[in-house]
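Engineer: no FASTA, just this:
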């Protein structure tokens with residue numbers, strides 16, 4: 001709404017208040033575009049993981065990568081255009097604009113409209129079109145590229161994804177005259193508004209990119225094959241059985257009719273059976289599925305086979321064969337840390353207990369730690385180790401009550417090293433840790449954040465409690481400013497905004513907190529204003 005009001009108030013003489021308002025809107029659009037870009041990158045990563053685990057998603061993911069390449073090419077063109085516009089309006093070399101990282105804040109002639117009109121509209125009388133007409137052609141080419149990449153009969157220029165953000169074919173009426181898209185947006189438009197329009201358009205490009213990727217993702221499921229065959233499947237409770245226990249499994253008919261009675265015939269020690277062997281087989285009946293229970297006395301690999309009788313819709317009989325294998329073994333158990341081969345004190349450590357026995361029969365000794373079962377996840381636990389055990393080893397013992405009234409049988413034990421949670425990394429915003437940075441990059445995300453390194457595989461969130469900010473200008477260190485919470489306060493933001501190139505900003509004494517306790521980060525973040 002603010003953008004619409006501002007564009008409606010454009011005139012030959014624009015007040016400073018309106019120009020400042022354009023700068024504010026432009027800053028907001030830049031931040032929105034940056035946040036949206038982060039969301040899109042997350043979508044690409046999700047797509048990549050899907051393709052790694054689902055073969056039918058690999059071809060759509062290749063298309064997504066092409067969409068990303070085409071979009072980045074168009075975004076670069078838009079970013080270069082802003083640099084060229086800045087250079088033309090203020091009469092400075094493009095390379096200087098680029099190297100200094102100048103933005104709309106640094107533009108001197110924000111109210112200039114004659115140079116912007118010449119640049120974007122050109123000279124129609126001399127048949128010399130401006131950059132806006134080149135932009136229109138690139139938008140249409142970009143949409144056609146996406147259509148060619150997606151290659152879906154539903155994905156056309158009339159699709160809402162492509163028919164909203166970059167619509168350049170409409171005409172507009174002004175002062176009883178007809179205007180095209182370029183004239184409507186850029187003719188006699190002041191430079192501050194032009195920058196805002198370009199960043200708005202970048203956001204629309206990102207939106208089309210995101211919607212296109214979502215279209216490709218949804219198409220994976222929508223175009224999946226629908227199976228119409230009827231097959232028998234064996235679902236064992238476990239493929240490994242203790243000597244003296246029983247092998248138990250369920251045989252189901254895929255897409256079965258729950259109103260139909262089933263009859264199965266099976267035998268052990270064979271790969272397949274025929275109807276003619278029915279007399280030597282074990283018969284079992286069921287509704288929709290068949291339960292199977294096989295006594296296990298011998299250790300080693302075992303096999304069985306059988307068939308199911310069922311009726312087809314036309315009343316004729318259908319025979320579906322099934323077979324399966326399983327292993328009978330002596331008791332054993334394994335304990336594994338889900339993330340890495342250590343436990344960290346003070347935080348929940350995911351642990352899995354794998355044993356060839358029902359989870360309810362297991363008994364564990366956690367070696368001084370405390371464990372909580374994960375709801376709905378059999379054999380999964382969250383282990384908490386006290387800080388007093390840091391630097392020591394703990395042993396987890398696993399045993400099982402095989403049968404009620406019989407002695408508990410020890411299945412195994414595992415030794416783990418206990419460590420303290422390492423110090424997290426701290427950043428300005430989400431990724432700035434040091435070096436030369438433009439003011440806009442610092443102010444785009446005005447807060448301090450902390451997160452664990454990439455080699456720390458636990459989900460551990462840190463909250464920033466406080467920190468100190470020190471400005472060093474021309475070698476003179478100012479008095480430090482203490483900030484509570486992660487956000488830059490108004491004083492810090494104003495000082496960064498007004499800082500000259502070369503000013504050093506140091507963020508030190510950063511105090512953070514998580515479930516692992518409080519930390520005081522010793523290494524400061526040192527940034528030089530570019």
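Structural biologist: Right, received. Where do you want to start? Keep in mind it's a predicted model, so treat the numbers as computed, not measured. Numbers count the residues shown, from 1 in each chain.

Engineer: going forward, measure contacts and count neighbours with C-alpha atoms only.
Structural biologist: Fine.

Engineer: show me where the stretch 151-300 of the chain has strands.
Structural biologist: Along the stretch 151-300 of the chain, counting by DSSP state E, counting those that start in this stretch, strands occupy 172-174, 177-179, 232-236, 240-242, 246-253, 261-268, 282-287, 289-295, 300-311.

Engineer: Starting from the second one, tell me which strands it pairs with and how they run.
Structural biologist: In this case it means strand 177-179. Next to strand 177-179 in the sheet, as set by DSSP bridges, lie strand 172-174 (antiparallel).

Engineer: Chain neighbours aside, what residue packs nearest to residue 452?
Structural biologist: Nearest-residue entry for residue 452: residue 424, 4.4 Å, with adjacent residues in sequence omitted and distances by CA to CA, 6 or more residues apart in numbering.

Engineer: give me the number of residues near the one you found?
Structural biologist: 17 (other CA atoms under 10 Å).

Engineer: Is it correct that it is in contact with residue 454?
Structural biologist: No - applying CA atoms under 8 Å as the test, residue 424 and residue 454 come out as separate, 10.1 Å apart.

Engineer: I'd guessed residue 115 sits against residue 88; true?
Structural biologist: Yes - if you go by CA under 8 Å, residue 115 and residue 88 touch, sitting 7.1 Å apart.

Engineer: between the two, who's got more neighbours?
Structural biologist: Neighbours per residue, other CA under 10 Å: of residue 115 and residue 88, the larger number sits with residue 115, 18 against 15.

Engineer: Kindly confirm my reading that that one is in a helix.
Structural biologist: Yes - secondary structure assignment places residue 115 in a helix (DSSP: H, G, I helix; E, B strand; the rest coil).

Engineer: for it, what are its contacts?
Structural biologist: 88, 89 (CA atoms under 8 Å, 6 or more residues apart in numbering).

Engineer: any idea how far the most far-flung residue of the chain relative to its centre lies from residue 267?
Structural biologist: What lies farthest from the middle of the chain is residue 279; by CA atoms, centre = their mean that is 58.0 Å. Noted for residue 279: a distance of 11 Å to residue 267, by CA to CA, to the nearest Å.

Engineer: Residue 499 contacts residue 505, correct?
Structural biologist: No - using CA under 8 Å as the test, residue 499 is too far from residue 505 to be in contact (9.4 Å).

Engineer: how about residue 518, secondary structure?
Structural biologist: Per three-state DSSP, the local secondary structure of residue 518 is strand.

Engineer: That one: how many residues sit nearby?
Structural biologist: Counted with other CA under 10 Å, residue 518 comes out at 14.

Engineer: burial measure for the nearest residue to residue 470 once chain neighbours are set aside, as a count.
Structural biologist: The shortest distance from residue 470 to any non-neighbouring residue, by CA to CA, 6+ apart, is to residue 480 (4.4 Å). When neighbours are defined as other CA under 10 Å, residue 480 has 15 of them.

Engineer: Wait, residue 480 touches residue 469, no?
Structural biologist: Yes - counting by CA under 8 Å, residue 469 is a contact partner of residue 480 at 5.4 Å.

Engineer: Look at residue 294 and report its pLDDT.
Structural biologist: Note on residue 294: pLDDT of 85.

Engineer: Quickly list what it is bridged to.
Structural biologist: Assigned bridge partners for residue 294, using DSSP bridges, are residue 247.

Engineer: Could you measure from it over to residue 518?
Structural biologist: Taken as CA to CA, the span from residue 294 to residue 518 is 56 Å.

Engineer: repeat for residue 495
Structural biologist: 29 Å.

Engineer: With residue 445 instead?
Structural biologist: Distance from residue 445 to residue 518, by CA to CA: 24 Å.

Engineer: Residue 394 too?
Structural biologist: Residue 394 is 25 Å from residue 518, by CA to CA.

Engineer: Residue 289 is in contact with residue 263, isn't it?
Structural biologist: No - taking contacts as CA under 8 Å, residue 289 lies outside contact range of residue 263: 9.4 Å.

Engineer: give the contact list for the residue farthest from the centre of the chain.
Structural biologist: Per CA under 8 Å, 6+ apart, neighbours of residue 279: none.

Engineer: swap in the one 4 residues further on?
Structural biologist: Shown here is residue 283, whose contacts under the criterion CA under 8 Å, 6+ apart are 263, 264, 265, 266.

Engineer: Next secondary structure element downstream of the helix ranked longest in the chain?
Structural biologist: Looking across the chain with DSSP state H, the single longest helix is helix 16-53. Sequence order places helix 58-90 as the next helix or strand after helix 16-53, per DSSP states H and E.

Engineer: ok, and for that following helix, which residues are buried?
Structural biologist: 58, 60-61, 63-68, 70-71, 74-75, 78, 81-87, 89-90 (16 or more other CA atoms under 10 Å).

Engineer: per-residue confidence at residue 337?
Structural biologist: 56.

Engineer: My error: substitute residue 51 in the last question.
Structural biologist: At residue 51, pLDDT is 88.

Engineer: so what's residue 426 bridging to?
Structural biologist: Beta bridges link residue 426 to residue 450 when assigned by DSSP bridges.

Engineer: and residue 182, what pLDDT?
Structural biologist: So, for residue 182, pLDDT stands at 89.

Engineer: need the contact list for it.
Structural biologist: Contacts of residue 182 (CA under 8 Å, 6+ apart): 120, 121, 132, 133, 136.

Engineer: Format these as TSV; extra columns: distance to residue 401, pLDDT and neighbour count.
Structural biologist: Formatted as TSV, those follow (distance: CA to CA, whole Å; pLDDT from 0 to 100; neighbours: other CA atoms under 10 Å):
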residue	distance to residue 401	pLDDT	neighbour count
120	81	93	24
121	84	92	21
132	78	91	20
133	79	93	18
136	75	92	17
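
Engineer: Residue 522 is in contact with residue 511, isn't it?
Structural biologist: No - contact between residue 522 and residue 511 fails when scored by CA under 8 Å: they sit 9.3 Å apart.

Engineer: When those two are compared, which one has more neighbours?
Structural biologist: For residue 522 versus residue 511, neighbours defined as other CA under 10 Å are more numerous around residue 511 (21 against 11).
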